[in-house]
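**Student:** Okay, predicted coordinates and the sequence, questions at the end:
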Amino acid sequence: MRKISTFLLFGIFALISTSNLYGQASCVGTATLNVTINTCITGELVQASAFLQGCYNNGAGAMQVTPGYFNTVPLNQPYNRPPWNYSGSESIAAKPATMIDWVLLQAYNPAGTALIETKAAILLSNGSIVDAAYALNPTLTGVYFSSITPNGSYRLVVRHRNHLAIMSSVPVTLPNVSSYLFSNSTNVQGGAGQLANVTGVVYAMLAGDYNSDGIVSLSDFNGYASTSGATNQYLDGDFNLDGSITAADFNLYRPNSSIIGISAIRF
């Protein structure tokens, strides 16, 4: 980030050395000072990618959302409510053009039984999950975690507000050089049964978990139905992320109803 400040000096111009201060009287002038401030991100970089069934476009091989939906995506992370109750302060000043939504990326212990750290992150159209700082620095390729031990092994979990959460099938050594691909069913605990096969060998997170409890059930249908017909709102019943809650969302929910997520991701 570059900030340019112009100082108008009247009366006294001070020159500062390492050990002495010298004064010069009756000097009037202007000086321009260029200051470069580096934004440093600390922690270990975790790289992962995942697709959402609801907005995956087979022809494009990527996720796509409508402008109406994109305009409703908040600038602040939306997981500070039940069942996640995540208190993180992640926010952005402007949305990247390829942003799909916010997700939670989590690191668990190798057994997948104890949560170590959670970060709210940006999900991009190509499936990449990136730090909120990506909005200012689009060269970032992952999410920075501060509570993990370098070269330690962790199970990764991806959560989305209306898709079934998933966990890595194996512990992942972090930081990782290459992205962990949740689009590969062998990389997900429970395999293809926990995912939607969107095209060929590409898998995506299952749409329809309205209340994010880890089970696609009648409760999720009731949540969808309670806001059916709504438009231009950021609502959990919008399973296809088009900005409207219509029959298209029900058509995504229906074949996934009764699917139960693995116990490790259920609330």
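**Tutor:** Sure thing, it's come through. Numbers count the residues shown, from 1 in each chain.
**Student:** Poorly predicted segments of this structure, please.
**Tutor:** Applying pLDDT under 70 to the chain flags residues 1-40.
**Student:** Would you map the helices across it?
**Tutor:** 67-70, 218-226, 247-256 (DSSP state H).
**Student:** Quick one: closest of the ones you listed to L164.
**Tutor:** Nearest to L164 among these is helix 247-256; the distance by CB to CB comes to 7.6 Å. C-beta here means a position set from N, CA and C on the backbone, and glycine is covered the same way.
**Student:** where does the closest one sit relative to the chain's centre, distance-wise?
**Tutor:** 24 Å (CA atoms, centre = their mean, to the nearest Å).
**Student:** re the thing from before, out of the helices of the chain, flag the one nearest A207.
**Tutor:** Here helix 247-256 is closest among the helices of the chain (CB to CB), at 4.3 Å.
**Student:** Spatially central, which residue of this protein would that be?
**Tutor:** A121 (2.1 Å; CA atoms, centre = their mean).
**Student:** Was I right to think I129 contacts I122?
**Tutor:** Yes. The criterion here is CB atoms under 8 Å, and I129 meets it with I122 at 7.3 Å.
**Student:** can you list residues touching both of these two?
**Tutor:** V103 (CB atoms under 8 Å, 6 or more residues apart in numbering).
**Student:** mind listing what S212 touches?
**Tutor:** S212 touches P83, W84, R159, H160, R161, N162, A165, D236, F267, counting by CB under 8 Å, 6+ apart.
**Student:** Then Y234?
**Tutor:** Counting by CB under 8 Å, 6+ apart, Y234 has contacts Y69, T72, V73, P74, P78.
**Student:** swap the cut-off to 7 Å and go again
**Tutor:** T72, V73, P74 (CB atoms under 7 Å, 6 or more residues apart in numbering).
**Student:** If the spatially closest residue to Y203 that is not a sequence neighbour is in a bridge, with which residues?
**Tutor:** What sits nearest to Y203 in space, not counting adjacent residues and going by CB to CB, 6 or more residues apart in numbering, is L195, at 3.9 Å. With DSSP bridges as the criterion, L195 is bridged to M205.
**Student:** Was I right to think L195 contacts V202?
**Tutor:** No. L195 lies out of contact with V202 (CB atoms under 7 Å); the separation is 9.6 Å.
**Student:** of these two, who's got more company?
**Tutor:** Between L195 and V202, L195 has the larger neighbour count (other CB atoms under 10 Å), namely 25 against 18.
**Student:** Now do the same contact list for that one.
**Tutor:** S185, V188, Y203, A204, M205, L206.
**Student:** Now do it against M205, distance only.
**Tutor:** Separation of L195 from M205 (CB to CB, to the nearest Å) stands at 7 Å.
**Student:** One more: P74?
**Tutor:** In terms of CB to CB, P74 sits 20 Å off from M205.
**Student:** cool, I259 as well?
**Tutor:** Counting by CB to CB - I259 and M205 are separated by 11 Å.
**Student:** Now do the shared contacts for the two.
**Tutor:** Counting by CB under 7 Å, 6+ apart, the common neighbours of I259 and M205 are L164.
**Student:** Looking at these two, which has the bigger crowd around it?
**Tutor:** Shown here are I259 and M205; by other CB under 10 Å, M205 has more neighbours (28 against 18).
**Student:** hang on, isn't the more buried one packed against M167?
**Tutor:** No. Judged on CB under 7 Å, M205 makes no contact with M167 at a distance of 11.4 Å.
**Student:** pretty sure the residue nearest to the centre of the chain is touching Q106, no?
**Tutor:** No. Checked against CB under 7 Å, the pair A121 and Q106 is beyond contact range at 10.2 Å.
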